[in-house]
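> Here is a sequence with its predicted model. Questions after.
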There are 2 protein chains.
Amino acid sequence: MSVLVVGSVALDSVETPFGSVKEALGGSAVYISVAASYFTAPVRLVGVVGADFSPEHVQFLEHRKIDVAGLQTVASGKTFRWAGRYHYDLNVRDTLSTDLNVFETFDPILPDGFDKSRYVCLGNIHPSLQQKVLDQVTKPRLVVGDTMNFWIEQALDDLRHLLPRLDVLIVNDSEARLLTKEPNLIKASRQVLKMGPRIVIVKKGEHGAMLITEDTIFSAPAYPLEDIHDPTGAGDAFAGGFVGWLAKTDDLSDKNLKRAVVYGSTLASFCVEQFSVEGLKDLNASTIRDRYRSFMELSQFDEK
Amino acid sequence: MSVLVVGSVALDSVETPFGSVKEALGGSAVYISVAASYFTAPVRLVGVVGADFSPEHVQFLEHRKIDVAGLQTVASGKTFRWAGRYHYDLNVRDTLSTDLNVFETFDPILPDGFDKSRYVCLGNIHPSLQQKVLDQVTKPRLVVGDTMNFWIEQALDDLRHLLPRLDVLIVNDSEARLLTKEPNLIKASRQVLKMGPRIVIVKKGEHGAMLITEDTIFSAPAYPLEDIHDPTGAGDAFAGGFVGWLAKTDDLSDKNLKRAVVYGSTLASFCVEQFSVEGLKDLNASTIRDRYRSFMELSQFDEK
């Protein structure tokens, strides 16, 4: 099944205690698309870049069989840039700079054919832009949306209008608490369900991820990595793996949603092992399946 | 199989946003013993109380078939008292007062017969006292020890001497990091293994618990409780359920260690549903088994 991905395309400069990269390929639409591309096709990317965006990056996306017809290039502008520094405790990061550049006036217009995409994954952009995308698509089977603390604080009304149009909201634990003012994550998740989406996924970083519907709660561990080189993009790789698996199988049963959460966690675990999208470059069905099985090993137990 | 439990016996005054109790039964030895008593017998408690310790508390322990021959009463003293207040976010608590009273001079002397206990669970007391207990026991099959940030900071030498004598160290995530100065929990756990114990369990509160040996990593979720009334004792109830299950089955295989972690999580989940030991008072094999199965539901997934 087809997947439509909308979000940022960025050049990230990242420092961690284990190394650094300058102006490396990043952005939510990139991470989501690349992760999803290991499961299904076509994956259709909608985003915007400036004239400085290297053709090599476009070639990489095309090599991953991602349809880049929706990647707008603003000849007079520069690509969105983000710079950040992670502490030795990788849960803590400082944003050093954010230059929106062409992303500031991003207007997500879908090329012909993109409107019929069956699965939609809205990366973290302004909720009014996420709505504008949904206005253009025709009866998708599943809409997955991501957001962040910035929009919860700065664009809550727009976000509240968006939520009933999502099937799945993906947030992290602090965002779930911020959105609901409720410290208990289970209660917070149930309150988010009342705001519209029928499925909430709460990402908890090193503690894994949780899927909550009205009837089901599922808790997946994080992969126990000793060497995390760059946490950037982990949440987007999760979203891409999640939606990619669902699009591949076109099965929205509780059982298959759980598998999708673990495939999301699998792609996130590969992502953080290297800088930028390096960890997502050379995967295949077998490396992905092996890690999925490691997740089973990690969390399965029986009854005596 | 027999279980020897050593630790504090306390009267706790606890405030949470959901209620409060004054001078209610508490203490690590109590929570551990009561939790373990649902799995195996005899459970032998070693601790100290003052003349003010209500006979009803002793009767409750005896009703749970706990052998209280090792519960010393200091006629001239008062029982250890702790008072604390939990915030609306139950992960945050303030200690309001700590009156060690008779616990300050606690000397854990084992009564006749206790020295032959096959399973030993050392609750959170000074590591030199934990060692003193081990000096008195004869070839136990498994020694489980708990500690806390206070001993890591104040009695690190004693703790380092203790660690090679433990089979299992139970700590929480911040204690694992404090002990090793390593923010990555997997790396931290591996470093703890090098300090002596062959099994490390890292408790992560609402995020569950992790078991790490040289060959195995197992990640168990926390039970998704919406109404946590009092987190006091959760870690001790975990330890009691863990060691209780192992003593019942006398099986130290990786498979059974995983089950023990889930039984520990099960008892912890019951513990926090009510104040003091109320949540551990009226359990039985069937309520425990049902919740164990809920943990399976919560974390199991398959391969398509």
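Looks like it arrived, so ask away.
> residue boundaries of the strands in the stretch 101-250 of chain A?
Shown for the stretch 101-250 of chain A, the strands assigned by DSSP state E, counting those that start in this stretch span residues A:119-122, A:142-146, A:168-172, A:199-203, A:209-212, A:217-220.
> anything in the fourth one near chain B?
No. Legend: contact between strand A:199-203 and chain B by Cβ under 8 Å from any Cβ of the partner chain is lacking; minimum distance shown is 10.7 Å. To be clear about C-beta, it is placed using only N, CA and C from the backbone, and glycine gets the same treatment.
> related to what we said a few turns ago, let's have the strands of the stretch 101-250 of chain A in TSV, adding mean neighbour count and mean pLDDT.
Listed next are these as TSV, based on neighbours: other Cβ atoms under 10 Å in any protein chain shown; pLDDT from 0 to 100:
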stretch	mean neighbour count	mean pLDDT
strand A:119-122	29	98
strand A:142-146	25	98
strand A:168-172	25	97
strand A:199-203	25	97
strand A:209-212	24	98
strand A:217-220	24	97
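> export those to JSON lines and tack on distance to B:Tyr292?
Formatted as JSON lines, the strands of the stretch 101-250 of chain A follow (distance: least, Cβ to Cβ, whole Å):
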{"stretch": "strand A:119-122", "distance to B:Tyr292": "36"}
{"stretch": "strand A:142-146", "distance to B:Tyr292": "33"}
{"stretch": "strand A:168-172", "distance to B:Tyr292": "29"}
{"stretch": "strand A:199-203", "distance to B:Tyr292": "24"}
{"stretch": "strand A:209-212", "distance to B:Tyr292": "19"}
{"stretch": "strand A:217-220", "distance to B:Tyr292": "15"}
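> for the ones you listed, which one sits closest to A:Glu15?
For the strands of the stretch 101-250 of chain A, proximity to A:Glu15 was assessed by Cβ to Cβ; strand A:168-172 is nearest, at 21.6 Å.
> what does the closest one rub up against?
Identification of contacts with strand A:168-172 by Cβ atoms under 8 Å, 6 or more residues apart in numbering or on different chains yields A:142-147, A:163, A:179, A:192, A:196-205, A:235, A:238-239, A:242.
> can you do 6 Å?
A:144-146, A:197, A:199-201, A:203, A:239 (Cβ atoms under 6 Å, 6 or more residues apart in numbering or on different chains).
> Could I get the full set of helices for chain A?
For chain A, the helices defined by DSSP state H cover A:28-36, A:55-63, A:127-136, A:149-154, A:156-162, A:173-180, A:185-194, A:234-249, A:254-271, A:285-299.
> Look up how far A:Ala222 lies from A:Gly205.
Distance, A:Gly205 to A:Ala222, using Cβ to Cβ, to the nearest Å: 7 Å.
> More neighbours: these two, which one.
More neighbours surround A:Ala222 than the other of A:Gly205 and A:Ala222, with 24 against 18 (other Cβ atoms under 10 Å in any protein chain shown).
> ok, back up a step: would you mind finding the most buried of the helices of chain A?
Stretch with highest mean neighbour count among those: helix A:28-36 (a mean of 32; mean count of other Cβ atoms under 10 Å in any protein chain shown).
> So for it, mean pLDDT?
Helix A:28-36 shows a mean pLDDT of 98.
> Report the angle between it and helix A:285-299.
Going by axes from the mean of the first three to the mean of the last three Cα atoms, to 10 degrees, helix A:28-36 is angled at 90 degrees with respect to helix A:285-299.
> Helix A:55-63 and helix A:28-36, what's the angle between them?
Going by the same axes, to 10 degrees, helix A:28-36 makes 40 degrees with helix A:55-63.
> Out of the contacts of strand A:168-172, which two sit at the greatest distance?
Spatial extent of these (Cβ to Cβ) is set by the pair A:Pro197 and A:Lys203 at 14.7 Å.
> B:Ile288: which of the strands of the stretch 101-250 of chain A is closest?
Closest among those, using Cβ to Cβ: strand A:217-220, at 19.6 Å.
> is that closest one anywhere near chain B?
Yes. Applying Cβ under 6 Å from any Cβ of the partner chain, one finds strand A:217-220 in contact with chain B at A:217, A:219.
> How many residues are close by the closest residue to A:Lys22 other than its chain neighbours?
Residue nearest to A:Lys22 in three dimensions, not counting chain neighbours: A:Ser13, with 4.9 Å by Cβ to Cβ, 6 or more residues apart in numbering or on different chains. Neighbour count of A:Ser13, defined by other Cβ under 10 Å: 18.
> where's A:Ser13 relative to chain B, distance?
23 Å (Cβ to the nearest Cβ, to the nearest Å).
> Identify the bridge partners of that residue.
When bridges are called by DSSP bridges, A:Ser13 pairs up with A:Ala83.
> Take the helices of chain A and write them to CSV, including distance to chain B.
Output for the helices of chain A, formatted as CSV (distance: least, Cβ to the nearest Cβ, whole Å):
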stretch, distance to chain B
helix A:28-36, 17
helix A:55-63, 27
helix A:127-136, 27
helix A:149-154, 17
helix A:156-162, 21
helix A:173-180, 8
helix A:185-194, 5
helix A:234-249, 7
helix A:254-271, 4
helix A:285-299, 5
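> Serialize those to CSV and add fields for distance to A:Arg81.
CSV is the format used below for those (distance: least, Cβ to Cβ, whole Å):
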stretch, distance to A:Arg81
helix A:28-36, 14
helix A:55-63, 14
helix A:127-136, 19
helix A:149-154, 17
helix A:156-162, 25
helix A:173-180, 24
helix A:185-194, 32
helix A:234-249, 17
helix A:254-271, 20
helix A:285-299, 31
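> Which residue is the nearest non-sequential neighbour of A:Ser37?
Of all residues not flanking A:Ser37 in the chain, A:Arg64 sits nearest, at 4.3 Å (Cβ to Cβ, 6+ apart).
> Equivalent analysis for A:Pro17, please.
Take A:Pro17 and drop its neighbours on the chain: the residue closest to it by Cβ to Cβ, 6+ apart is A:Tyr88, 4.9 Å away.
> Give me the neighbour count for that neighbour.
Going by other Cβ under 10 Å, the residues that sit close to A:Tyr88 add up to 12.
> That one touches A:Phe18, doesn't it?
No. At 9.6 Å, A:Tyr88 does not count as touching A:Phe18 under the criterion of Cβ atoms under 6 Å.
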